[in-house]
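# the following block contains a protein sequence and its predicted model.
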Amino acid sequence: MTQLNEFAHSFVAHALPKTPTGIDGFDDLTLGGLPSGRPSLFCGAAGCGKTLFAMTFLVNGAVRFGEHGVFMSFEERAPDLAANVVSLGYDVERLVAEKKLIIDHVHIERAEIEEIGEYDLEGLFVRLGHAIDTVGAKRVVLDTIEALFSGFADTTILRAELRRLFAWLKDRGVTAIITGERGDGQLTRYGIEEYVSDCVILLDNRVQEQVSTRRLRVVKYRGSAHGTNEYPFLIDDEGVSVLPITSAGLSHAVSPEPVPTGVAGLDQMLGLGGYYRGSSVLISGLAGTGKSTFGASFADAACERGERCLYFAFEESPDQVMRNMLSVGIDLKRHVAAGMLRFEAARPSLYGFEMHLARMNRDIERFEPSILVVDPISAFRGPSAEIHATLIRLADICKTKGITTLFTSLSGSKEMMTESERSVSSLMDTWVSLTDVEANGERNRVLYLLKSRGMNHSNQLREFRLTNDGVILIDAYIGPEGVMTGSARLAQEARERDAGVARQQETERLRRELARKRAATERQIAELRAAIEVEEAEIAMLIEQEENRETVLGADREAIATKRGAIR
């Protein structure tokens, strides 16, 4: 919820009755629309969109809110008005035929007007009252008020008649828009209209560096709080839309859920298995490092999961993006056909920063994506403060809605950060840097994580390749001189394989030598054991012989003793 909406909720108990315009963003910043039953003044220079804004108010009333309207023009004829708003998608002629809308052109010829003290607007009141009664109008537009009083210079008459006109509109209970031209040094030509109006809206079409931006400001709003800043608004083939958000604050909810990146190896490096949902991600790198491919991989994975993705392209057309991604096996066209992926492409020079922001905000509101890709933000040229303001507001819009947003940015060199990178680096929750490593006459791509808030991410440099199956990360390889890539990596791996084979062969030789020595030693042991056994046998034989000898000698002594006894 934005700060403006929070502010609105605090005043809901004392809210002034309001009539919604149906214009995206405008009803938010006015906290509900225009004051019901009161006149509002829309003023601005030629070409700022007063008439289109007023016509949108009437058409939305008839189509969306069941409130019929009257458009009284003092300059353009009814057929011209109807033709002018066809480009916005408004079928005014049908609404007129259905008696939901009346367009009345009042021709005023300045030369035919004679200013007298008794001049009044009774004729206009009768004509306007009849139109209101004919269709039961609740909404009225008078375009423009200067044409009605173009022949008068007496401010006393002007002020009196203006007050009478505004009072008459209030008495009829219609919600009215009165358009007025911008004056010199004041909001309107006469400087009176803004004082008698209950609500004053200033429209401006500003040109800066050959790029025009339409802006809107609520100058005053009696009885109601409202947004006080300048807000860009967009008029295109989808009507009028206003960007009311200046800052979403820092109270948005966060999610612990990971969103896969579409690149398996990068998911592993992030530790959590992807980016945090609702976070802002920056993919930066030199030309040709694969930034758009990472963005397309992210979009492809989201669509595969059944999530809607909005892709803002600022350098390539949608067809070109889809064709190029086929070379790495990513078919985005099928997601477009299924309604899961939508491309919005425009050159950065087509609008000013705020107009781009208004357009993107409107597209986000209507498509309601859960994934957003902005490719690339480095295409924007201008003051870094304006780039930063635009991107921080876009990031806030996405965070408020829980949209995971991936920005790509072209880096200028390996040593220097670009202006766009400096302006958004603090806004990003995850920053993935892609770079080139040149060695041995070839260029290889390397990825590393500069930061990823809230997760224990890898600090390794990882080589990656763009293949027919998408982005493939290769395990980190550390050689004698650091991280090695490409052919240098292959050569070093070959050398290490050869060294491994040599070590294996030497080990086998040593093993065979050891076996030979063991066999020789075992033979020697067997020979010594056999010699010992022979000696043991000989000793045993000697012992046995000695024992036999002793036995014989004993027998002989007994025999001799026996003989001696017999002789006696």
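Received it, and whenever you're ready, just let me know what you need.
# what about the helices in the stretch 1-150 of the chain?
In the stretch 1-150 of the chain, the helices defined using DSSP state H, counting those that start in this stretch lie at 3-10, 26-29, 50-64, 78-84, 92-97, 122-135, 145-148.
# now those helices in TSV, with mean neighbour count and distance to Leu158?
C-beta coordinates here come from the backbone N, C-alpha and C atoms, glycine included. Formatted as TSV, these follow (neighbours: other Cβ atoms under 10 Å; distance: least, Cβ to Cβ, whole Å):
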stretch	mean neighbour count	distance to Leu158
helix 3-10	14	36
helix 26-29	22	29
helix 50-64	23	20
helix 78-84	16	26
helix 92-97	17	31
helix 122-135	15	14
helix 145-148	20	10
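# need the ones you listed in CSV (columns: mean pLDDT).
Output for these, formatted as CSV (pLDDT from 0 to 100):
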stretch, mean pLDDT
helix 3-10, 46
helix 26-29, 87
helix 50-64, 92
helix 78-84, 86
helix 92-97, 91
helix 122-135, 89
helix 145-148, 74
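# out of the ones you listed, which comes closest to Thr521?
Nearest to Thr521 among the helices of the stretch 1-150 of the chain is helix 3-10; the distance by Cβ to Cβ comes to 89.9 Å.
# picking up where we left off before, select, out of the helices of the stretch 1-150 of the chain, the one closest to Ile525.
Per Cβ to Cβ, nearest to Ile525 of the helices of the stretch 1-150 of the chain: helix 3-10, 93.7 Å.
# rewinding a little: in JSON lines, list the helices of the stretch 1-150 of the chain along with distance to Phe312.
Listed next are the helices of the stretch 1-150 of the chain as JSON lines, based on distance: least, Cβ to Cβ, whole Å:
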{"stretch": "helix 3-10", "distance to Phe312": "24"}
{"stretch": "helix 26-29", "distance to Phe312": "22"}
{"stretch": "helix 50-64", "distance to Phe312": "25"}
{"stretch": "helix 78-84", "distance to Phe312": "29"}
{"stretch": "helix 92-97", "distance to Phe312": "32"}
{"stretch": "helix 122-135", "distance to Phe312": "42"}
{"stretch": "helix 145-148", "distance to Phe312": "40"}
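# which one of those helices lies closest to Arg503?
So among these, helix 3-10 is nearest, using Cβ to Cβ, at 68.5 Å.
# ok so, going back, mind checking the helices of the stretch 1-150 of the chain for the one nearest to Leu528?
helix 3-10 (98.9 Å).
# spatially central residue in the chain, please.
Thr405 (2.8 Å; Cα atoms, centre = their mean).
# residues contacting that residue?
Going by Cβ atoms under 8 Å, 6 or more residues apart in numbering, Thr405 touches 279-281, 371-374, 394-395, 398.
# could you report the pLDDT at Arg497?
pLDDT, Arg497: 75.
# for it, give its distance to Thr507.
From Arg497 across to Thr507, the span is 15 Å (Cβ to Cβ, to the nearest Å).
# returning to what we had before: nearest to Leu341, of the helices of the stretch 1-150 of the chain?
Ranking the helices of the stretch 1-150 of the chain by proximity to Leu341 (Cβ to Cβ) places helix 26-29 first, at 28.0 Å.
# so what are the sheet partners of the one helix or strand the residue nearest to the centre of the chain maps to and their directions?
Assigned by DSSP states H and E, Thr405 falls within strand 404-410. Applying DSSP bridges to the sheet, strand 404-410 is found paired with strand 280-285 (parallel), strand 371-375 (parallel).
# that older thread, which one of the helices of the stretch 1-150 of the chain lies nearest to His107?
Across the helices of the stretch 1-150 of the chain, closest to His107 is helix 145-148 (Cβ to Cβ), at 9.7 Å.
# need the next SSE after that closest one, C-terminal direction.
Per DSSP H and E, the helix or strand that comes after helix 145-148 is helix 155-172.
# average pLDDT across that following helix?
On average, helix 155-172 scores 81.
# which secondary structure elements does it sit against?
strand 39-44, helix 122-135, helix 193-196 (3 or more Cβ pairs under 8 Å, 6 or more residues apart in numbering; DSSP states H and E).
# how far out from the middle of the chain is the longest helix anywhere in the chain?
Secondary structure of the chain per DSSP state H: the longest helix is helix 486-567. Between the centre of helix 486-567 and the centre of its chain there are 84 Å (Cα atoms, centre = their mean, to the nearest Å).
# can you give me the buried ones in stretch 298-310?
298-303, 307-310 (16 or more other Cβ atoms under 10 Å).
# hmm, who's touching it?
By Cβ under 8 Å, 6+ apart, the list of residues contacting stretch 298-310 reads 259-262, 311, 325, 330-332, 335, 338-342, 344, 363-364, 367-373, 406.
# any of these buried? List them.
259-262, 311, 325, 330, 332, 335, 340-342, 344, 363-364, 369-373, 406.
# quick one: which of those residues sit in strands?
259, 311, 341-342, 344, 371-373, 406 (DSSP state E).
# which one of these is nearest Cys43?
Among these, Glu344 lies closest to Cys43 (Cβ to Cβ), at 32.2 Å.
# now do the contacts for the closest one.
Per Cβ under 8 Å, 6+ apart, neighbours of Glu344: 310-313, 359-360, 363.
# repeat the analysis, applying 6 Å as the threshold.
When contacts are counted by Cβ atoms under 6 Å, 6 or more residues apart in numbering, Glu344 touches 312, 363.
# now do stretch 518-527: everything it contacts.
With Cβ under 6 Å, 6+ apart, stretch 518-527 has no contacts at all.
# mean confidence for that stretch?
Mean predicted confidence for stretch 518-527 is 89.
# what do you get for stretch 438-453?
Here the average pLDDT along stretch 438-453 is 84.
# buried residues, that stretch. List them.
444-449, 452.
# how far out from the middle of the chain is it?
24 Å.
# do you know which of the strands paired with strand 404-410 lies nearest Leu158?
Among those, if distance is taken as Cβ to Cβ, the winner is strand 371-375, at 50.5 Å.
# run the chain-centre distance for that closest one.
5 Å.
# report the angle between it and strand 341-345.
30 degrees (axes from the mean of the first three to the mean of the last three Cα atoms, to 10 degrees).
# what sits up against strand 371-375?
292, 295, 299, 302, 307, 309-313, 398, 403-408.
# tell me the helix or strand right after it.
Moving toward the C-terminus from strand 371-375, the next element (DSSP H and E) is helix 384-400.
# which secondary structure element is home to Glu444?
Check again: residue 444 is Asn, not Glu. strand 442-452.
# what lines up beside that strand in the sheet?
With DSSP bridges as the test, strand 442-452 pairs up with strand 430-439 (antiparallel), strand 462-467 (antiparallel).
# pick out the shakiest of these, pLDDT-wise.
strand 430-439 (a mean of 87).
# buried residues in that strand?
430-437.
# can you check stretch 158-168 too?
Buried, per 16+ other Cβ under 10 Å, within stretch 158-168: 158, 161-162, 165-166, 168.
# swap in stretch 100-107?
Here stretch 100-107 shows 100-103 as buried, counting by 16+ other Cβ under 10 Å.
# so which residues of the stretch 151-300 of the chain form strands?
With DSSP state E, counting those that start in this stretch, the ranges of strands along the stretch 151-300 of the chain come out as 175-181, 199-208, 211-221, 231-236, 239-242, 258-259, 275-276, 280-285.
# for the ones you listed, give me CSV that also has distance to His388 and mean pLDDT.
CSV is the format used below for the strands of the stretch 151-300 of the chain (distance: least, Cβ to Cβ, whole Å; pLDDT from 0 to 100):
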stretch, distance to His388, mean pLDDT
strand 175-181, 35, 89
strand 199-208, 17, 84
strand 211-221, 17, 83
strand 231-236, 16, 81
strand 239-242, 22, 82
strand 258-259, 25, 94
strand 275-276, 22, 94
strand 280-285, 13, 92
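# can you add distance to Ile525 and give these back as JSON lines?
Below are the strands of the stretch 151-300 of the chain laid out as JSON lines (distance: least, Cβ to Cβ, whole Å):
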{"stretch": "strand 175-181", "distance to Ile525": "116"}
{"stretch": "strand 199-208", "distance to Ile525": "101"}
{"stretch": "strand 211-221", "distance to Ile525": "98"}
{"stretch": "strand 231-236", "distance to Ile525": "98"}
{"stretch": "strand 239-242", "distance to Ile525": "99"}
{"stretch": "strand 258-259", "distance to Ile525": "67"}
{"stretch": "strand 275-276", "distance to Ile525": "70"}
{"stretch": "strand 280-285", "distance to Ile525": "71"}
